[in-house]
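A.B. asks: The following block contains a protein sequence and its predicted model.
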Amino acid sequence: MSSPQRLESLDVFRGITIAAMILVSTPGTWETVYAPLDHALWHGWTPTDLVFPFLLFAMGAAVPVALARRRGKTRKLRHHILQRGLTLFGVGLVFNLMTLNRPFIWASFPLLGVLQRIAIVYVVVAWLTERTSTRTQVIIAGATLLVYWAAMMWVPVPGVGPGVLTPEGNLASFIDRLVLRGHMWHPPWEAEGLLSTAPAVVTALGGTFAGDWLTRGGSHRHRSLYLWAAGAAATLIGLWWGRAFPINKILWTSSFALFSAGMAAQALAICHWALDLHRYSAASIPLQAFGRNPLSAYVGSVALDRSLTTWTIGGVGAKSLIYTRAFASWAVPCCGGEAASLFYALAYVAFWGTIVWFLYRKRIFIGL
């Protein structure tokens, strides 16, 4: 059986997502963030709230291709899945240590985060892909969303009651406080918590379904259209469900899981139509460079940003100095503080674009 082919559209889709992650994670100053590049305060969504689910969707879409290369060697495949998951989780802990915004105290050191959620979701999705059929995965995905919705709305939280979706009163936050104790970023709630990881798995499974569909044998003529239509349907169902179970990225509500997966499917379908079918790829190589080096780009960019923030020159933070002199000095008078902060972030993305381009040219790939 031949392995599924690599999709240029998936590399570009993942590249756009990684570039967007850097853009929203490293503004010139957090005092004035360009509004679309900030998260919704609680319920609702902004473009920034779609970035992480897009990355999980892209990871899920790559699973059928990545695991097909190792299929037939069951023990080796299981070892690879577990090793990759543990490596990502370990890198996430180091990442937490590097970006910790308070003195290190083990009792309050956060154990979860973006990379840790990616690790958990990857192991679950890879295991399901190898051990179950697509039909079973669809059933699991649907059941997970329904059970999560029922639990969040009907299971009473001690001292609060059922169906309370405030930051302190919801079931997911209660479980995080109960299990993690003080090992949290934002007590009394956690952005990448334990219970909310379950619907995040469903978002990634949506990517797995999309990746399997696009790499299946036979004619590819209408696959982009069908994927886009499926994504549009999921988006509409998510919006409809959001009227009863609000779209919320931090809680990763079932409506948000469907809505974000649907948006990601539509974006991937457009990339597939343009790049894999019609070969409009002349300007896609810089984005492919980001997509082939997601881990090095994301971790490296945030680590450098943290270093620039803490490193002082003459008593002033290096990042603040660069931002003030190179961007705020001219952009604030002309365009305002939000624009100046955005210009810095765009320049920072371009800087990392040159780094991943160099890695791409040298055929050095560090993936998720």
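C.D. replies: Nice, I can see it. Just so it is clear, the structure is predicted and the values come from calculations on it, not from any experiment.
A.B. asks: residues of the helix or strand hosting Gly353 that come out buried?
C.D. replies: Assigned by DSSP states H and E, Gly353 belongs to helix 337-361. Neighbour-count burial for helix 337-361 flags 337-346, 348-349, 352-353, 355-357, 359-360 (criterion: 16 or more other CB atoms under 10 Å). All C-beta atoms are positioned from the backbone trio N, CA, C, and that covers glycine.
A.B. asks: can you check stretch 208-223 too?
C.D. replies: Buried residues in stretch 208-223, counted by 16+ other CB under 10 Å: Thr208, Phe209, Ala210, Gly211, Asp212, Trp213, Leu214, Thr215, Arg223.
A.B. asks: Can you spell out which helices and strands pack onto the helix or strand harbouring the third one?
C.D. replies: Using DSSP H and E, the secondary-structure element containing Ala210 is helix 197-215. Counting contacts by 3 or more CB pairs under 8 Å, 6 or more residues apart in numbering; DSSP states H and E, the secondary-structure elements packed against helix 197-215 are helix 8-25, helix 51-68, helix 114-131, helix 134-154, helix 223-241, helix 254-271.
A.B. asks: Quick one: mean pLDDT for stretch 327-338?
C.D. replies: Here stretch 327-338 scores 90 as its mean pLDDT.
A.B. asks: do stretch 203-212 as well
C.D. replies: For stretch 203-212, mean pLDDT is 95.
A.B. asks: what's in contact with it?
C.D. replies: The contact list for stretch 203-212 (CB atoms under 8 Å, 6 or more residues apart in numbering) reads 4, 7, 10, 53, 56-65, 121-122, 125, 128-129, 134, 137-138, 140-141, 227, 234, 252, 257, 260-262, 264-265, 268.
A.B. asks: Any of the residues you listed buried? List them.
C.D. replies: 4, 7, 10, 53, 56-65, 121-122, 125, 128-129, 137, 140-141, 227, 234, 252, 257, 260-262, 264-265, 268.
A.B. asks: Low-confidence stretches in this protein?
C.D. replies: Across the chain, the ranges flagged by pLDDT under 70 are 1-6, 68-75, 217-220, 282-283, 367-368.
A.B. asks: Distance to Trp189 added to the helices and strands packed on helix 197-215, as JSON lines?
C.D. replies: Converted to JSON lines, the helices and strands packed on helix 197-215 look like this (distance: least, CB to CB, whole Å):
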{"stretch": "helix 8-25", "distance to Trp189": "20"}
{"stretch": "helix 51-68", "distance to Trp189": "16"}
{"stretch": "helix 114-131", "distance to Trp189": "15"}
{"stretch": "helix 134-154", "distance to Trp189": "13"}
{"stretch": "helix 223-241", "distance to Trp189": "22"}
{"stretch": "helix 254-271", "distance to Trp189": "15"}
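A.B. asks: what about these, which gets the closest to Leu86?
C.D. replies: Smallest distance to Leu86 across these (CB to CB): 7.4 Å, for helix 114-131.
A.B. asks: The closest one packs against which elements?
C.D. replies: If contacts are counted by 3+ CB pairs under 8 Å, 6+ apart, helix 114-131 sits against helix 51-68, helix 74-99, helix 134-154, helix 197-215.
A.B. asks: residues contacting the residue most central in space within the chain?
C.D. replies: Nearest to the geometric centre of the chain sits Phe52, at 2.2 Å (CA atoms, centre = their mean). By CB under 8 Å, 6+ apart, the contact set of Phe52 is Met21, Val114, Lys249.
A.B. asks: From Ser25, how far off is it?
C.D. replies: As judged by CB to CB, to the nearest Å, Phe52 and Ser25 stand 10 Å apart.
A.B. asks: quick one: common contacting residues for the two?
C.D. replies: Common neighbours of Phe52 and Ser25 are not found (criterion: CB under 8 Å, 6+ apart).
A.B. asks: which outside residues touch stretch 181-198?
C.D. replies: Here stretch 181-198 makes contact (CB under 8 Å, 6+ apart) with 107-114, 116-117, 120-121, 144, 148, 151, 167-168, 170-173, 175-177, 179-180, 250-252.
A.B. asks: Restricting to C-alpha, output it in CSV.
C.D. replies: Output of stretch 181-198 as CSV, limited to C-alpha atoms (Å, rounded to 0.1, in the frame of the first residue of the first chain):
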residue,chain,number,x,y,z
ARG,A,181,-3.7,22.6,42.9
GLY,A,182,-1.4,25.6,42.5
HIS,A,183,0.3,24.4,39.3
MET,A,184,-1.6,26.8,37.0
TRP,A,185,-0.9,29.9,34.9
HIS,A,186,-4.1,31.8,35.8
PRO,A,187,-5.7,30.6,39.0
PRO,A,188,-8.6,30.0,39.4
TRP,A,189,-8.8,29.0,35.7
GLU,A,190,-6.4,27.5,33.2
ALA,A,191,-6.3,28.3,29.5
GLU,A,192,-5.1,24.8,28.5
GLY,A,193,-6.8,22.9,31.2
LEU,A,194,-7.4,19.2,31.7
LEU,A,195,-11.1,18.7,30.9
SER,A,196,-11.1,21.2,28.0
THR,A,197,-8.4,19.1,26.3
ALA,A,198,-11.1,16.6,25.3
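A.B. asks: No further questions, thank you.
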